[in-house]
Structures are given as structure tokens and as C-alpha cells.
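Student: Coordinates for the following, if possible.
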Amino acid sequence: MKKQNKPSPAKETAPAATKGSKTVVRIPALVLTLVALIVVYGALLLFESDYLYRTEELNLFLYTSLYFKQQMVVAGGMLTYLGTYFTQFFYHPWLGSLLLCLWLGLLMWLVKRTFRVSDAWGSLLLVPAALVLVIDFDLGYWIYYMKLRGYLFVPVMGTSLALALTWAYRRASSRPWLSWVVLVLAGIGGYPVAGCYALFAVLLMAVITWRLKLTTGQRAVATLLAVLTIIFVPLIYYRTVYYQAMSDNVWWQALPVFKMEDDFSTLYYPYILLAVVLLLMGACYGLKLRLRLLERRFGLLLAQVLVILAVACGTYAAWFKDESFHEEIQMTNCVDRQDWEGVLTVMRNHDGEPTRMMVMYKNLALFRLGRAGNEMYTYRDGSRKPAAPFELRVAQIGGKNVYLYYGLPNYCYRWCLEDGVEYGWRVEHLKFLVRCSILNGEPVVAKKYIDLLKQTRYHGEWARQYEPLLTDNGTELAKHQELGPVKRLMEGQDQLASDQSLIELFMLNSQAYRTTNDPKVAELVLLSALQLKDIATFWRAFFQYANLHVNQPMPRHFQEAAYLYGHLEHNVDISRMPFDLNVQQDYDGFMQMAQQFRGMSEEKMKEVFYPRYGGTFYYNYFLLRNLRTY
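Tutor: Residues are numbered from 1 along each chain as shown. So this is what the prediction gives:
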């Protein structure tokens, strides 16, 4: 008999064109993946470099066995350990971004292999990767309150592991008993490594089981094993190994906790969508879908372009783009580098009302440069509410810098310890603790923190520069470019009280009533009194400053306040004070303009007065009242 040729297995290609039609045009999945990763890499470097560097400062990875053991005390510990390891490379944003993009590339490849996605549907590979990016870059102010370690890499690594386990399960499905072993071992062995991501892998296996060539009984057994694994594996681990975890959180280990007072946090939505998308891909595995549009020459190309546009627009819409948030981060990074002019540059380029954190950074920079008395009110003032769905505190954002550089290291030290216990230890905390300990004359304590920083990849050199101050008798510290001016401000400030988390108000009240013989401290006292807008406090600080700056020009804003208060209350005779002519002219012009626009709303007056008098203390005193601090 003549042998019949067996048909070759069908390849995973786009739907064939109809008879007589031209070749279908499509974008190869590899090309699409490479282009997408290049675009993402460029966007991260262009728009998020400061954000990425700040996440590294809020991270800590130590090359010690003790650090490894500390991460492994909870389920998903290996995932967070690796997450903190990779996060440290954001010290160089180009390097950390490259590693993140490589992980995203691996994720897309695993999606393609696990679900056997053809080039015809290659644009769908962008969806999981885009959702991971949204998870990482829609956090905003949550980065200061995040308790999950290595959170920028955890989602992409956890999802990649879940897909890899599902791929192994699918490949083992030709032998049902072997696939059942893979399923159970994925739960038992994967839970300590990746927490909820391993449980999600088991769930994904249960879903894809119903698309594999198995009998109904085999599918039922696999599904039952998956359900039992998801329910009992976390409970068994909780009762035998991870007893430190909360009992109601054992199924969500390795996920961040976004605590909201009333509402369910929208930051969970990308996680939910990512899970839904992957489950749908599992449910549609092997499904043959024919659409006439895709069989046209440019129909498939058009469909791919539409998916790409939808993914790009959705990612852009969900990305956290608040300008003030990013500018606060830029300012913080400038303070870390002692780039005080950089802080002022960010403030000058800001459009609209600034946040209080930005104002505090601006005032600090001007004080360090010795220009606050002449320039403090030449920048916009305000208290714009930060774009956060919860109540923020300056203590977690930049308050530690404010305390340190205004000569209150005890309060900086206290907040570092409290935040270290609450949110986990970070590089930023250790750096503050080194400087605070040196300023407080505690070399043994400072040495402990310096030795910890030496166990990091990038911060050992930073720590070594402070080692000469450990054996210093005070001479070198006084000459130190960064800490010398701080030590000078600490005169009589060796105390610790409750600031009620209102750092700006507490700091102003702590400084405004000080008595000193140091000209620089007297300047800080007067600046604090000026901002409190209390007339009696101002006059006491003003005369203290004047007595310590004899034969020196009086800064403009101090003159403006004295001239204004002298006219508002006649308790002090200002007739003999040598005020600059422009100070007097601005006062007269401001008062005349106020009479001219009497009856106008305060908000409208702010707009009208700002072009001419926005840089004066008069404008700030009358039109910027009840500014909210936090």
C-alpha cells in the first residue's frame, strides 16, 4: 500500500490570508519587545533619575549573612532580599534602569513562552510589562512609607517566577502525575521564596489545566490539589515557621500594604489587573480565534498599533507625574550633595504654589548660603497640599534634613530610630545617624553606623570620610564644611521634647526665643521670629541681631518687617533707623494699592499684588496667612 504523508504540526503563526489576498503585515514580537524596552529605558533616565536615586537611598542591602537571615524570617524573604540587592544599583540610575528593563524583557519572554503567544498577538506582551511599570511608578509619596523591601523589583521578579513555574507545569502536563508534583512543589517550595506570587502560580496552573489535553478527571484532580495547596500551605508555614507574620496576611506575603483610613487604595488596582490579564491568558491558552480584520494585509498591523497605543496611553495616564513630588525629590538629592544653589534652582523653576517641604528646603538653602535675609521672600511661598491620598508628615519626607542642618540633631536622630523600627532601616537613616552621633560627641556610636555603611556596595566611601572626626578633639569638626556650621548652631540645644510631628512649627518656636552671642545663631533666631509673624518676638530677635552685626548692612527683609511693625504698633521708635529708600517706597506703594483695591477678595489680591510686591515681606504678612504646615 502506498504510504500517506502525515500532515506536519501547525506552527504558531498569524491567521492565514484568504485566497488571493496579499501577505499579512505584522510587527515581529522580538522587534516590538526591543523597541518597547528602549523607550522605557529612555523614559526612566529622562524623567525618573532623581526618583530612582531616592529609592536607592530609601533602600538598604548589606553584604552580611545576618542581613540575609533577617530577610528570610517571613514568606517571600528571598524575593525581598533579591529586590533590595537589585535596588542598590539605582545609585547609578542608568545601571538600575538597565537591570529593571532586562527583568521586564525576561517577563515578556516568559509570557510568550508560557502561553505560546504568536507574533500575531505579540502586542499583548506589552500589557503585563506595562502594569508592572505602573505598579513601580504610580507610588508617589508612598515610597516614604513603604514597608516592603526592594519594592521596585519584587513585582517583576515575582511575576516572572510565577510564569516560569506555570511554564514548567504546562511542559510536564504530558505526564499528569508529574504535573501534579510540580504544582504541589511550586506551592510548598515557592511560598518561602516568593510568598503570594507562588500561590498565584498555583492558581494560574489550575486555570490553564482546563485548556490542556487532559481528561476531566485529571483536570479535577489538578484543580483540587491547587485549591488545597493555596489554602493549607500558608497556614502550615504560619504555624510552624513564619509565626511572626499576621494570621490574616499569610496569603498576601510579598505584597505591599497600603493602609487607608476609609477607602480601598487604588494602588492595588494594577496588581489586580495584572492577575486578571495573566489568568485570562491562561484561560485562553490554545484558543484559535479568527477575525476577518486580521486576515487583511494591514489589518493585523492596525490591530497591533491600536493595542500599542492603548497600552502607552494607559501607562502614561497611570504614571505618577506630580511636579511638586519630583521637585521635592530633586531638592532632597541636592541637599545630600550639599548643592544649595541646586535647591534654589529647582525652586525658581517651579510653576505655581509650592509645598511646605519645598519652602523649607528653600529657606534652609538660603540660610546656609547667608542670603536668607535678602532673598527669602523673593521666591514664591505657600502650602500647596501634596498629591497624596493620606495625611503626610514632613518627618518622613525631608524633616530629618531640616532638623540636622538647623542644629537639632537629637530630633533628627529620634526620627531616624522611629522610622527605622516602623518602616525598616535605610541607607538614609544610617547616614543621618553617623552625622548626628558625631555632632553629639558619640564616636563609638558613630563608628557602629560607619561600619554598617561599609557593608554596602556604594556608601562605604561616604562613611570613611567621617572617620577622621571620630578621634577629633573638636578642631576638625569646627572646620568641617558640612558639619561645622551645624555644630555652631547647637549652642544650648542639647534637649529632646515632643514635636507633635509638626516639624516646621516646632523648629521655628525652638529657635525664635533663643538668646545668643553668636552672629550666625542670631540670624537664625531672627529668621525664625520673622516667619512666626509675632511682633514682640521679632523686636527682641531684631535688636539681638543688630547688636551682633554692628556696622554691617541690615538685610532687606529684616528692614521691611521693622518698618511695617513700627507703623502697625508704635511701641518701638523707628524714626532714627536708617531704612533703605526702596524699603520705604515699597511700603508706601503697597499701602496705597491696598486702599485702591479695598473690597477685593484676598485670593484676587494675591494675583494683583504679586507682580509688584510678591518679593516683599509686606506681601507675605498681609496676603499669605494661615499657611498650613504638616
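Student: which stretches of the stretch 1-150 of the chain have low pLDDT?
Tutor: 1-24 (pLDDT under 70).
Student: Need phi/psi at residue 536.
Tutor: phi -60, psi -40 (degrees, to the nearest 10).
Student: So that it lines up with my notes, have the first residue be 27 from now on.
Tutor: Happy to do that; since the first residue is 27 now, the last one works out to residue 562.
Student: Report how many residues lie close to it.
Tutor: Neighbour count for residue 562, taken as other C-beta atoms under 10 Å: 11. Glycine gets a C-beta too; all of them are placed from N, C-alpha and C.
Student: Distance of it relative to residue 338?
Tutor: Separation of residue 562 from residue 338 (C-beta to C-beta, to the nearest Å): 60 Å.
Student: now swap in residue 530 and tell me
Tutor: Residue 530 is 41 Å from residue 338, by C-beta to C-beta.
Student: In terms of packing, which of the two has more residues around it?
Tutor: The neighbour comparison of residue 530 against residue 338 (other C-beta under 10 Å) goes to residue 530, with 21 against 14.
Student: following the one helix or strand that one maps to, which helix or strand comes up?
Tutor: Under the criterion of DSSP states H and E, residue 530 resides in helix 529-538. Heading C-terminal from helix 529-538, the first helix or strand you meet, by DSSP H and E, is helix 545-558.
Student: Check the offset of that following helix from the chain's centre.
Tutor: 33 Å (C-alpha atoms, centre = their mean, to the nearest Å).
Student: what inclination does that helix have with respect to helix 529-538?
Tutor: For helix 545-558 against helix 529-538, the angle by axes from the mean of the first three to the mean of the last three C-alpha atoms, to 10 degrees is 130 degrees.
Student: Identify the residues contacting helix 545-558?
Tutor: Identification of contacts with helix 545-558 by C-beta atoms under 8 Å, 6 or more residues apart in numbering yields 389, 393, 396, 398-399, 402, 432-433, 511, 514-515, 517, 533-540, 542, 563-564, 566-568, 570-571, 574-575, 583-584, 587, 643.
Student: Low-confidence regions, the stretch 177-326 of the chain specifically.
Tutor: Within the stretch 177-326 of the chain, the stretches falling below the threshold (pLDDT under 70) are 270-274, 287-288, 315-323.
Student: before we move on, back to that, now, the contacts of helix 545-558 that are in helices?
Tutor: 389, 393, 398-399, 511, 514-515, 533-538, 563-564, 566-568, 570-571, 574, 583-584, 587, 643 (DSSP state H).
Student: Show me just the buried residues among those residues.
Tutor: 389, 393, 398-399, 511, 515, 533-538, 563-564, 566-568, 570-571, 574, 583-584, 587, 643 (16 or more other C-beta atoms under 10 Å).
Student: Can you tell me the centre-most residue of this structure?
Tutor: residue 169 (3.5 Å; C-alpha atoms, centre = their mean).
Student: which ones are touching that residue?
Tutor: Here residue 169 is in contact with 77, 80, 81, 84 (C-beta under 8 Å, 6+ apart).
Student: With residue 337 instead?
Tutor: If you count contacts by C-beta under 8 Å, 6+ apart, residue 337 has them with 149, 152, 153, 156.
Student: Strands - which of those residues land there?
Tutor: Judged by DSSP state E, the contacts of residue 337 include no members of strands.
Student: From what I see, residue 104 and residue 217 are in contact.
Tutor: No - using C-beta atoms under 8 Å, residue 104 makes no contact with residue 217, being 10.7 Å away.
Student: the more surrounded of these two?
Tutor: A direct count of neighbours by other C-beta under 10 Å for residue 104 and residue 217 places residue 217 higher, at 29 against 19.
Student: Name the nearest residue to that one, ignoring sequence neighbours.
Tutor: residue 224 (4.8 Å; C-beta to C-beta, 6 or more residues apart in numbering).
Student: measure the one you found to residue 366 for me?
Tutor: Remark: distance between residue 224 and residue 366 (C-beta to C-beta) = 49 Å.
Student: for residue 291, same thing?
Tutor: Noted for residue 291: a distance of 37 Å to residue 366, by C-beta to C-beta.
Student: and the two? which has more neighbours close in?
Tutor: In this view residue 291 and residue 366 are compared by other C-beta under 10 Å, and residue 366 has more residues nearby, 20 against 14.
Student: In space, what's closest to that one - neighbours in sequence excluded?
Tutor: Nearest one to residue 366, counting by C-beta to C-beta, 6+ apart, is residue 391 at 4.2 Å.
Student: Regarding that neighbour, what is its secondary structure?
Tutor: Secondary structure state of residue 391, per DSSP: H, G, I helix; E, B strand; the rest coil, is helix.
Student: quick one: contacts for it?
Tutor: 360, 361, 366, 367, 369, 370, 373.
Student: Next, format these as CSV and append secondary structure, pLDDT and distance to residue 128.
Tutor: Shown next, in CSV, are the contacts of residue 391 (DSSP: H, G, I helix; E, B strand; the rest coil; pLDDT from 0 to 100; distance: C-beta to C-beta, whole Å):
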residue, secondary structure, pLDDT, distance to residue 128
360, helix, 97, 30
361, helix, 97, 32
366, helix, 97, 37
367, helix, 97, 36
369, helix, 98, 34
370, helix, 98, 38
373, helix, 97, 37
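Student: need those residues in JSON lines with distance to residue 468, can you?
Tutor: Below are the contacts of residue 391 laid out as JSON lines (distance: C-beta to C-beta, whole Å):
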{"residue": "360", "distance to residue 468": "28"}
{"residue": "361", "distance to residue 468": "23"}
{"residue": "366", "distance to residue 468": "27"}
{"residue": "367", "distance to residue 468": "32"}
{"residue": "369", "distance to residue 468": "29"}
{"residue": "370", "distance to residue 468": "33"}
{"residue": "373", "distance to residue 468": "35"}
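Student: out of those residues, who has the most neighbours?
Tutor: In the contacts of residue 391, the most neighbours by other C-beta under 10 Å go to residue 369, 27 neighbours.
Student: Apart from its neighbours in sequence, what residue is nearest residue 583?
Tutor: residue 643 (5.0 Å).
Student: ugh, wrong one, I meant residue 640
Tutor: residue 406 (7.4 Å).
Student: cool, residue 542 as well?
Tutor: residue 548 (5.5 Å).
Student: Tell me how far the residue nearest to residue 366 lies from residue 608.
Tutor: Counting by C-beta to C-beta, the gap between residue 391 and residue 608 amounts to 24 Å.
Student: What is the burial count for residue 522?
Tutor: 11.
Student: what sits against it?
Tutor: 436, 437, 440.
Student: Kindly present the residues you listed as CSV, with separate columns for secondary structure and neighbour count.
Tutor: Below are these laid out as CSV (DSSP: H, G, I helix; E, B strand; the rest coil; neighbours: other C-beta atoms under 10 Å):
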residue, secondary structure, neighbour count
436, helix, 17
437, helix, 26
440, helix, 18
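Student: closest to residue 469 among these?
Tutor: residue 436 (16.8 Å; C-beta to C-beta).
Student: Helix, strand or coil: sort out the nearest residue in space to the closest one that is not next to it in sequence for me.
Tutor: Using C-beta to C-beta, 6+ apart and skipping the chain neighbours, the partner closest in space to residue 436 is residue 522 (4.7 Å). Following three-state DSSP, the label given to residue 522 is coil.
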